[in-house]
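*Asks:* how would this look folded up:
(one chain, ligands or ions: 2)
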Amino acid sequence: MSPVTLSFDGNLARVMIDNPPVNALSKAVHVGLLKAARTIASRCDVTAVILACTGRSFVAGSDIRELDDPQPPYLPEVLTAIETSRIPWVAAIHGTALGGGLELAMACHGRIADSSAAFGLPEVTLGIVPGAGGTVRLPRLVPMTQAIEIVTGGKPVDATSALAMGLVDTLSQRDLIAEAEVLAKGLAAEGPGPLLLTRPPRDVAGIDWAKEEARVAARFRGATAPAEALASLRECAELGAAEAMARARARFLRLSTSAEAAALRHIFFAERNAGQSLRATAGQSVDLDLCGVIGGGTMGAGIAAALLLSGSVVRLIERDALAAEAGRARIAAAIETSRQRGVLSADAAQAALARLSVGADYAALVACPLVIEAVFEDMAVKRAVFEQLDAVMPPDAILASNTSYLDVDALAAGTWDPARVLGLHFFSPAHVMKLLEVVRGARTGPRALATAGALARRLRKTAVVAGVCDGFIGNRIMAAYRQDCEAMLLQGADPAEIDAAMRGYGFAMGLFEVQDMSGLDIAWARRRALAAAGTPSMSTISDRLCEAGRLGRKAGRGWYDYEDGKAKAAPVVEQILAEESARAGLVRRDFTQVEIMTRILRVMQEEGAQILAEGIAESASDIDVVMVAGYGFPRHRGGPMFQKRVTR
Ligand code: 3HC
Ligand code: NAI
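*Replies:* Residues are numbered from 1 along each chain as shown. Ligands and ions are numbered 1, 2, ... in the order given. Sure thing, here's the model as predicted:
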């Protein structure tokens with residue numbers, strides 16, 4: 001059955017798209033739309049057309065699965081049939097009109113939207129540019145400055161902004177379809193106006209294209225699609241519509257088969273497939289409207305803020321009243337930064353804080369169906385916390401640890417019911433970062449897993465399931481390549497070369513810059529603890545830096561020296577490297593950036609393969625999600641395991 005149906009009501013034609021879940025433009029939808037447009041064109045009695053969608057959304061774009069191999073009839077052909085129709089088409093938009101969906105709406109003669117609708121051209125996030133006239137029609141509806149932001153940034157705009165900038169004609173007040181009919185009849189009565197493509201693009205005179213190109217290059221370092229999208233807009237400003245349209249299409253087709261687009265498509269679906277086993281679990285989540293958090297430091301405060309922002313009531317437990325108030329202050333600061341970023345209003349921020357209570361008495365947690373522990377990374381401290389929780393919490397409460405490395409099974413073993421224990425590994429800042437590693441212990445039960453899945457959905461995070469091992473998926477891979485980077489330092493590379501190689505590949509920062517930013521002392525303390533426990537983990541160079549007080553940016557020195565916030569090579573570090581190379585009997589040699597990056601990738605891939613073989617990760621694409629969402633692996637490279645597949 002066609003996903004497009006055409007019906008008639010007097011002089012009005014109704015075209016409905018029904019292609020769940022998000023009405024993506026598949027080949028079948030193209031066929032259906034073209035057939036409907038031709039049928040309507042052949043009818044003398046039809047005076048207006050309403051185009052709408054069933055389900056949760058208007059069209060959310062072309063079907064991403066078909067992007068690398070488009071088949072006729074192509075979308076531009078469909079849109080031309082609609083746009084050149086002598087009968088006005090009105091798009092009635094609810095949910096999201098994205099990519100090809102917005103291009104479809106722009107090819108119509110009128111647009112009416114639900115007040116909660118969103119509009120965007122997110123093609124650049126998939127490594128492509130709008131391929132069906134988006135870059136040529138949009139600047140004819142909205143000023144070029146706004147078109148540049150929408151097309152190169154890829155972020156959607158809300159209905160109110162869309163109305164203000166001219167993207168839609170009106171917002172519906174009550175009944176979208178009924179009001180779309182009124183708009184359509186009005187357009188029919190007015191008669192066909194000039195085609196959108198015959199109008200000039202709006203407000204292009206003041207655009208400094210060289211400046212825009214420099215800005216886009218700096219903002220989207222490493223990714224090529226935003227610059228290509230800007231080039232399409234520049235062609236829209238400088239060429240006739242037909243020529244600009246043809247060039248944009250050619251660009252779209254060229255980019256659709258690029259390595260960048262393949263990587264971004266991979267990560268798009270990888271993120272949506274992640275955490276499958278959580279959805280498949282037979283368990284029922286506990287109620288998340290009330291949650292407990294233990295420890296109000298960096299992570300506990302971030303987790304509490306994330307929960308408060310999601311609408312939960314939160315009870316925070318710290319070591320004493322003073323520490324509890326310090327935790328409250330950290331949470332307030334996190335919520336304030338969210339307010340400043342426009343995530344929530346001042347009133348909502350105040351309401352979120354009003355849902356928080358802090359203290360040092362575990363009795364306050366008793367009614368919490370979920371408690372997340374984020375105290376020091378020390379097994380003895382965490383065990384003591386779990387013992388107390390075990391003593392006070394009702395038997396059906398879920399107990400989670402935010403541990404970075406520790407053995408969740410060992411923690412669970414100290415409780416009377418290990419089925420209710422799991423790891424919930426958030427990333428810093430926890431109220432911002434999208435990744436959640438769900439650590440499934442050997443005895444973690446379905447209820448705990450269902451709760452983790454529901455929590456991730458509630459906090460709008462991407463959950464990836466990991467088994468128990470030192471560092472789970474992400475920290476284990478990071479530990480492996482960090483060790484190899486230190487080996488390269490001994491062999492002759494210097495920190496700046498390794499950082500430059502990583503940045504050149506697309507990481508926002510290199511490994512040593514990151515270490516300086518987050519501080520070298522935590523890993524140092526961990527190494528000493530491991531050594532004391534009889535499992536030494538070698539990091540001689542880092543140890544020497546820490547012993548010399550070079551703890552990172554906060555100390556003004558680490559792998560680099562810092563002056564006025566700027567990093568520069570540190571002669572002391574060079575000296576330490578020379579001494580350690582000599583001590584290891586190694587002759588220092590030069591490394592190229594390609595060699596460095598090839599080695600880093602190989603180590604990530606080998607560790608990833610091992611993690612898969614041990615059943616720690618559920619799929620290779622889950623590993624990619626972890627590395628991209630949590631560890632700065634460049635999204636447009638798709639992740640280390642994807643790279644392994646495509647470069648094999
Ligand atoms: N093609 C194919 N499948 C799509 C899709 C698309 N464009 N958009 C979403 N889906 C699928 C998802 O894979 C998911 O499938 P699953 O249930 O089997 O996992 C399902 O729809 C629901 O998606 P989400 O889980 O992401 O649901 P949300 O409600 O969180 O988000 C959304 C909905 C905002 C529409 C989000 O899915 C989204 O951003 N989609 C991509 C939009 C996009 O990039 N459009 C441009 C495509 S390229 C294009 O149009 C080219 C044109 O210029 C020619
Ligand atoms: P932190 O030192 O900033 O905070 C720990 C907090 O726990 C302190 O406020 C301390 O007073 C409190 N605390 C200690 N013992 C307690 C007890 N018995 N009862 C109540 N409160 C207690 O540490 P951070 O960075 O927040 O780390 C917490 C946990 O999160 C650790 O397990 C860490 O490995 C993990 N983690 C840390 C990340 C990071 O980037 N900092 C990232 C992901 C996980």
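*Asks:* Can you tell me the closest non-neighbouring residue to whichever residue of the chain sits closest to ligand 2?
*Replies:* Per C-beta to the nearest ligand atom, residue 297 is where the chain lies closest to ligand 2, at 1.8 Å. All C-beta spots, glycine's among them, are computed from the backbone N, C-alpha and C. Leaving aside its sequence neighbours, residue 297 sits nearest to residue 374 (C-beta to C-beta, 6 or more residues apart in numbering; 6.8 Å).
*Asks:* What is the burial count for that neighbour?
*Replies:* 28 (other C-beta atoms under 10 Å).
*Asks:* One more: the one 10 residues further on?
*Replies:* Taking other C-beta under 10 Å as the criterion, the count of residues near residue 384 is 13.
*Asks:* For the helix or strand harbouring it, which outside residues touch it?
*Replies:* For residue 384, the host element (DSSP states H and E) is helix 379-392. Contact with helix 379-392 is made by 294, 362-363, 365-366, 371, 373, 375-376, 397, 399, 401, 403, 406-407, 410-411, 414-416, 421, as judged by C-beta atoms under 8 Å, 6 or more residues apart in numbering.
*Asks:* I'd like to know how far the residue of the chain closest to ligand 2 sits from residue 522.
*Replies:* Separation of residue 297 from residue 522 (C-beta to C-beta, to the nearest Å): 11 Å.
*Asks:* Kindly report the same for residue 616.
*Replies:* Applying C-beta to C-beta, the value for residue 616 to residue 522 is 23 Å.
*Asks:* Could you do residue 630 as well?
*Replies:* Applying C-beta to C-beta to residue 630 and residue 522 gives a distance of 17 Å.
*Asks:* same check, this time on residue 380
*Replies:* 17 Å.
*Asks:* ok, those two, which is more surrounded?
*Replies:* Neighbour totals were compared for residue 380 and residue 522, and residue 522 leads with 14 against 9 (other C-beta under 10 Å).
*Asks:* Skip the chain neighbours and tell me the closest residue to that one.
*Replies:* Leaving out its chain neighbours, the residue that sits closest to residue 522 by C-beta to C-beta, 6+ apart is residue 377, at 7.6 Å.
*Asks:* and residue 619, backbone torsions?
*Replies:* phi -160, psi 160 (degrees, to the nearest 10).
*Asks:* Quick one: residues contacting the spatially closest residue to residue 368 that is not a sequence neighbour.
*Replies:* Nearest residue to residue 368, sequence neighbours excluded (C-beta to C-beta, 6+ apart): residue 292, at 3.7 Å. By C-beta under 8 Å, 6+ apart, the residues touching residue 292 are 314, 315, 316, 317, 364, 365, 368, 370, 371, 372.
*Asks:* which residues does the fifth one contact?
*Replies:* Counting by C-beta under 8 Å, 6+ apart, residue 364 touches 292, 315, 317, 357.
*Asks:* Flag every residue of this protein that's near ligand 1.
*Replies:* For the chain, the residues in contact with ligand 1 under the definition C-beta under 6 Å from any ligand atom are 21-22, 24, 60-65, 75, 96, 98-100, 103, 122-123, 126, 130-132, 134, 272.
*Asks:* In the stretch 301-450 of the chain, where is pLDDT below threshold?
*Replies:* Scanning the stretch 301-450 of the chain for pLDDT under 70 picks out no residues.
*Asks:* and it, which of its residues are near ligand 2?
*Replies:* 317-319, 323, 374-377, 381, 385, 402-404, 425-428.
*Asks:* that older thread, how about the helix holding residue 384: buried residues?
*Replies:* Residues of helix 379-392 classed as buried: 379, 382, 383, 385, 386, 389, 390 (neighbour count, 16 or more other C-beta atoms under 10 Å).
*Asks:* how about the residue nearest to residue 368, phi and psi?
*Replies:* Dihedral pair for residue 292: phi -110, psi 150, per degrees, to the nearest 10.
*Asks:* coming back round to it: weed out the non-buried ones from the residues of the chain next to ligand 1.
*Replies:* 22, 24, 60-64, 75, 96, 98-100, 103, 122-123, 126, 130-132, 134.
*Asks:* C-terminal to the helix or strand bottoming out on mean pLDDT in the chain, what's the next element?
*Replies:* Ranking every helix and strand in the chain by mean pLDDT, DSSP states H and E puts helix 521-532 at the bottom, with a mean of 85. Counting by DSSP H and E, the element after helix 521-532 in chain order, helix or strand, is helix 540-547.
*Asks:* Show me what that following helix is packed against.
*Replies:* Other helices and strands packing on helix 540-547, by 3 or more C-beta pairs under 8 Å, 6 or more residues apart in numbering; DSSP states H and E, are helix 474-491, helix 521-532, helix 571-583.
*Asks:* Point out the residues in the protein that sit beside ligand 2.
*Replies:* For the chain, the contact set with ligand 2 under C-beta under 6 Å from any ligand atom comprises 294-300, 317-319, 323, 374-377, 381, 385, 402-404, 425-428.
*Asks:* Out of the residues you listed, which end up buried?
*Replies:* Among these, those buried by neighbour count (16+ other C-beta under 10 Å) are 294-296, 299-300, 317-318, 323, 374-375, 377, 385, 402-404, 425-427.
*Asks:* Could you tell me which of those residues belong to helices?
*Replies:* Taking DSSP state H, the ones among those that sit in helices are 299, 300, 323, 385.
*Asks:* Okay, the nearest residue to the second one once chain neighbours are set aside and ligand 1: tell me how far apart.
*Replies:* Counting by C-beta to C-beta, 6+ apart, the nearest residue to residue 300 once its immediate chain neighbours are dropped is residue 374, at 3.7 Å. Between residue 374 and ligand 1 the distance, using C-beta to the nearest ligand atom, to the nearest Å, works out to 27 Å.
*Asks:* quick one: contacts for residue 374?
*Replies:* 293, 294, 295, 297, 299, 300, 303, 402, 426.
*Asks:* With residue 635 instead?
*Replies:* Residue 635 is in contact with 223, 263, 264, 267, 628, counting by C-beta under 8 Å, 6+ apart.
*Asks:* what helix or strand does the second one sit in?
*Replies:* In the assignment (DSSP H and E), residue 263 maps to helix 259-273.
*Asks:* which secondary structure elements does that helix contact?
*Replies:* If you count contacts as 3+ C-beta pairs under 8 Å, 6+ apart, helix 259-273 packs onto helix 620-630, helix 640-647.
*Asks:* could you redo the last one with a cut-off of 6 Å?
*Replies:* The elements that helix 259-273 packs onto, with contact taken as 3 or more C-beta pairs under 6 Å, 6 or more residues apart in numbering; DSSP states H and E, are helix 620-630.
*Asks:* Assign a three-state SS to residue 568, would you?
*Replies:* strand (DSSP: H, G, I helix; E, B strand; the rest coil).
*Asks:* Spatially nearest residue to it, not counting backbone neighbours?
*Replies:* In space, residue 568 comes closest to residue 561 once its chain neighbours are excluded; the distance is 5.5 Å by C-beta to C-beta, 6+ apart.
*Asks:* and what of residue 172?
*Replies:* What sits nearest to residue 172 in space, not counting adjacent residues and going by C-beta to C-beta, 6+ apart, is residue 179, at 4.5 Å.
*Asks:* Can you get me a residue count around that neighbour?
*Replies:* Close neighbours of residue 179, defined as other C-beta under 10 Å, add up to 18.
*Asks:* Show the backbone phi and psi for it.
*Replies:* Residue 179 adopts backbone torsions of phi -70, psi -30, taken as degrees, to the nearest 10.
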